[in-house]
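Undergrad: model this:
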Amino acid sequence: MALALVLVGLLGLLLTGCSSLSGTGEKGYLTEDGQVRTVPAAERGEPIELSGEDLDGNPLDLTDLRGQVVVVNVWGSWCAQCRTEMPDLVEAAAETEGTAQFVGINIRDSSTAQAKSFTRKFGVTYASFYSPDGKALLPFSDTIPPRAIPSTVVLDVEGRVAAAIIGVLPSKLTLTELIEEVAAEDG
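TA: Numbering: from 1, shown residues only. Have a look, this model is predicted:
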(Lines give C-alpha, C1' and ligand atoms only; values in the text may rest on other atoms or scores of the structure.)
Protein backbone atom coordinates (compact mmCIF):
# COMPACT_ATOMS: atom_id res chain seq x y z
CA MET A 1 0.00 0.00 0.00
CA ALA A 2 2.81 2.42 0.86
CA LEU A 3 4.51 1.70 -2.47
CA ALA A 4 1.25 2.45 -4.27
CA LEU A 5 0.98 5.82 -2.50
CA VAL A 6 4.56 6.69 -3.42
CA LEU A 7 3.89 5.80 -7.07
CA VAL A 8 0.70 7.87 -7.09
CA GLY A 9 2.62 10.79 -5.59
CA LEU A 10 5.36 10.53 -8.20
CA LEU A 11 2.79 10.35 -10.97
CA GLY A 12 1.15 13.46 -9.56
CA LEU A 13 4.44 15.35 -9.65
CA LEU A 14 4.99 14.34 -13.25
CA LEU A 15 1.48 15.35 -14.26
CA THR A 16 1.75 18.75 -12.59
CA GLY A 17 4.84 19.58 -14.59
CA CYS A 18 7.43 19.23 -11.87
CA SER A 19 10.38 18.56 -14.13
CA SER A 20 13.10 20.32 -16.07
CA LEU A 21 10.99 20.08 -19.21
CA SER A 22 9.13 23.04 -20.65
CA GLY A 23 6.46 23.14 -23.32
CA THR A 24 6.64 24.51 -26.83
CA GLY A 25 3.13 25.75 -27.24
CA GLU A 26 0.21 23.86 -28.65
CA LYS A 27 2.39 21.45 -30.63
CA GLY A 28 2.95 19.46 -27.43
CA TYR A 29 6.72 19.22 -27.86
CA LEU A 30 9.12 19.40 -24.97
CA THR A 31 12.55 20.86 -24.51
CA GLU A 32 15.01 20.19 -21.76
CA ASP A 33 17.67 22.43 -20.33
CA GLY A 34 20.32 21.99 -23.02
CA GLN A 35 22.57 19.90 -20.80
CA VAL A 36 25.37 18.18 -22.71
CA ARG A 37 25.52 14.41 -22.44
CA THR A 38 28.61 12.70 -23.79
CA VAL A 39 29.13 9.00 -24.50
CA PRO A 40 32.62 7.53 -24.03
CA ALA A 41 33.87 5.86 -27.24
CA ALA A 42 33.89 2.39 -25.65
CA GLU A 43 30.21 2.73 -24.69
CA ARG A 44 28.79 3.97 -28.00
CA GLY A 45 26.19 1.88 -29.74
CA GLU A 46 25.78 0.98 -33.37
CA PRO A 47 26.08 3.64 -36.10
CA ILE A 48 22.92 5.60 -36.79
CA GLU A 49 21.23 4.58 -40.03
CA LEU A 50 19.01 7.23 -41.58
CA SER A 51 18.13 7.92 -45.18
CA GLY A 52 15.34 9.94 -46.74
CA GLU A 53 14.79 13.10 -48.73
CA ASP A 54 15.92 16.64 -48.10
CA LEU A 55 13.72 19.73 -48.33
CA ASP A 56 14.11 19.73 -52.14
CA GLY A 57 13.20 16.05 -52.52
CA ASN A 58 16.79 14.95 -53.12
CA PRO A 59 18.12 11.76 -51.47
CA LEU A 60 19.97 12.22 -48.19
CA ASP A 61 21.75 9.45 -46.29
CA LEU A 62 23.84 9.65 -43.12
CA THR A 63 26.01 6.75 -44.27
CA ASP A 64 27.35 9.02 -47.04
CA LEU A 65 28.83 11.22 -44.30
CA ARG A 66 30.78 8.48 -42.50
CA GLY A 67 34.45 9.24 -41.94
CA GLN A 68 33.76 12.69 -40.56
CA VAL A 69 32.07 14.11 -37.47
CA VAL A 70 28.38 14.77 -38.16
CA VAL A 71 26.15 17.16 -36.24
CA VAL A 72 22.43 16.37 -36.49
CA ASN A 73 19.98 19.04 -35.36
CA VAL A 74 16.26 18.36 -34.97
CA TRP A 75 14.13 21.43 -35.66
CA GLY A 76 10.81 22.75 -36.88
CA SER A 77 9.92 26.16 -38.28
CA TRP A 78 7.12 26.41 -35.69
CA CYS A 79 9.57 25.92 -32.78
CA ALA A 80 10.51 29.12 -30.91
CA GLN A 81 13.55 27.50 -29.28
CA CYS A 82 14.75 26.39 -32.74
CA ARG A 83 14.71 30.03 -33.84
CA THR A 84 16.70 30.93 -30.73
CA GLU A 85 19.50 28.44 -31.36
CA MET A 86 19.70 28.50 -35.17
CA PRO A 87 22.16 31.44 -35.41
CA ASP A 88 24.58 29.51 -33.17
CA LEU A 89 24.19 26.37 -35.30
CA VAL A 90 24.82 28.30 -38.53
CA GLU A 91 27.94 29.93 -37.05
CA ALA A 92 29.21 26.61 -35.66
CA ALA A 93 28.71 24.96 -39.07
CA ALA A 94 30.76 27.71 -40.72
CA GLU A 95 33.52 27.59 -38.09
CA THR A 96 33.89 23.81 -38.21
CA GLU A 97 33.69 23.40 -41.98
CA GLY A 98 36.17 20.72 -42.95
CA THR A 99 35.98 19.17 -39.47
CA ALA A 100 32.26 18.43 -39.23
CA GLN A 101 29.30 18.04 -41.53
CA PHE A 102 25.94 19.40 -40.37
CA VAL A 103 22.54 18.01 -41.28
CA GLY A 104 19.10 18.85 -39.96
CA ILE A 105 15.94 16.88 -39.38
CA ASN A 106 12.91 19.04 -40.00
CA ILE A 107 9.83 17.59 -38.32
CA ARG A 108 6.15 18.40 -38.17
CA ASP A 109 6.18 21.16 -40.78
CA SER A 110 3.17 20.60 -43.02
CA SER A 111 5.06 21.64 -46.14
CA THR A 112 8.61 22.08 -47.31
CA ALA A 113 7.74 25.71 -48.08
CA GLN A 114 7.59 26.49 -44.35
CA ALA A 115 10.90 24.73 -43.73
CA LYS A 116 12.62 26.38 -46.71
CA SER A 117 11.46 29.81 -45.56
CA PHE A 118 12.98 29.11 -42.15
CA THR A 119 16.33 28.01 -43.62
CA ARG A 120 16.47 31.07 -45.89
CA LYS A 121 15.68 33.40 -43.00
CA PHE A 122 18.50 31.98 -40.87
CA GLY A 123 21.02 31.37 -43.68
CA VAL A 124 21.15 27.61 -43.16
CA THR A 125 23.37 26.15 -45.89
CA TYR A 126 23.35 22.47 -44.91
CA ALA A 127 20.72 19.92 -45.93
CA SER A 128 17.87 18.78 -43.72
CA PHE A 129 15.83 15.61 -43.84
CA TYR A 130 12.15 16.44 -44.35
CA SER A 131 10.14 14.33 -41.93
CA PRO A 132 6.66 15.79 -41.39
CA ASP A 133 5.63 12.64 -39.51
CA GLY A 134 8.73 12.67 -37.28
CA LYS A 135 9.75 9.13 -38.27
CA ALA A 136 13.30 10.32 -38.97
CA LEU A 137 13.74 10.48 -35.18
CA LEU A 138 13.30 6.70 -34.80
CA PRO A 139 17.01 5.87 -35.26
CA PHE A 140 17.71 8.28 -32.39
CA SER A 141 15.11 6.77 -30.03
CA ASP A 142 17.75 5.82 -27.44
CA THR A 143 19.14 9.37 -27.46
CA ILE A 144 16.38 11.88 -28.22
CA PRO A 145 13.02 11.76 -26.45
CA PRO A 146 10.34 11.58 -29.17
CA ARG A 147 8.99 15.06 -28.53
CA ALA A 148 12.15 16.92 -27.48
CA ILE A 149 12.59 19.75 -29.93
CA PRO A 150 15.17 21.15 -30.50
CA SER A 151 17.83 18.50 -30.01
CA THR A 152 21.36 18.23 -31.34
CA VAL A 153 23.43 15.06 -31.63
CA VAL A 154 27.11 14.75 -32.50
CA LEU A 155 28.04 11.54 -34.31
CA ASP A 156 31.61 10.26 -34.38
CA VAL A 157 33.41 9.32 -37.61
CA GLU A 158 31.81 5.86 -37.45
CA GLY A 159 28.32 7.36 -37.23
CA ARG A 160 27.79 6.53 -33.55
CA VAL A 161 26.26 8.93 -31.01
CA ALA A 162 29.15 10.67 -29.22
CA ALA A 163 27.19 13.48 -27.57
CA ALA A 164 23.70 14.90 -27.32
CA ILE A 165 22.20 18.20 -26.30
CA ILE A 166 18.50 17.85 -25.57
CA GLY A 167 17.08 21.35 -25.64
CA VAL A 168 18.50 24.64 -26.82
CA LEU A 169 22.27 24.74 -27.34
CA PRO A 170 23.94 26.37 -24.35
CA SER A 171 26.24 28.23 -26.77
CA LYS A 172 28.02 28.01 -30.09
CA LEU A 173 31.27 27.45 -28.18
CA THR A 174 29.80 24.42 -26.40
CA LEU A 175 29.00 22.82 -29.75
CA THR A 176 32.29 23.69 -31.44
CA GLU A 177 34.25 22.30 -28.49
CA LEU A 178 32.24 19.07 -28.62
CA ILE A 179 32.97 18.77 -32.34
CA GLU A 180 36.69 19.33 -31.77
CA GLU A 181 36.79 16.72 -28.97
CA VAL A 182 35.05 14.10 -31.11
CA ALA A 183 37.19 14.94 -34.15
CA ALA A 184 40.36 14.59 -32.05
CA GLU A 185 39.43 10.99 -31.16
CA ASP A 186 40.26 9.92 -34.70
CA GLY A 187 43.55 11.77 -34.82
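
Undergrad: quick one, strands of the chain?
TA: For the chain, the strands defined by DSSP state E occupy 22-23, 30-31, 33-38, 51-53, 59-61, 69-75, 100-107, 128-131, 151-155, 161-167.

Undergrad: do you know how far the residue lying closest to Ser117 once chain neighbours are set aside is from Phe118?
TA: With CB to CB, 6 or more residues apart in numbering as the criterion, Ser117 has its nearest non-adjacent residue at 6.8 Å, and that residue is Ser77. Glycine gets a C-beta too; all of them are placed from N, C-alpha and C. In this structure, Ser77 and Phe118 are 4 Å apart, going by CB to CB, to the nearest Å.

Undergrad: and for Pro47?
TA: Per CB to CB, Pro47 is found 29 Å from Phe118.

Undergrad: same deal with Asn73?
TA: 12 Å.

Undergrad: between those two, which contacts overlap?
TA: Residues touching both Asn73 and Phe118 (CB atoms under 8 Å, 6 or more residues apart in numbering): there are none.

Undergrad: how many residues are close by Ala42?
TA: Using other CB atoms under 10 Å, Ala42 has 5 neighbouring residues.

Undergrad: then Gln101?
TA: Neighbours of Gln101 using other CB under 10 Å come to 21.

Undergrad: Glu180 too?
TA: Count around Glu180 with other CB under 10 Å applied: 13.
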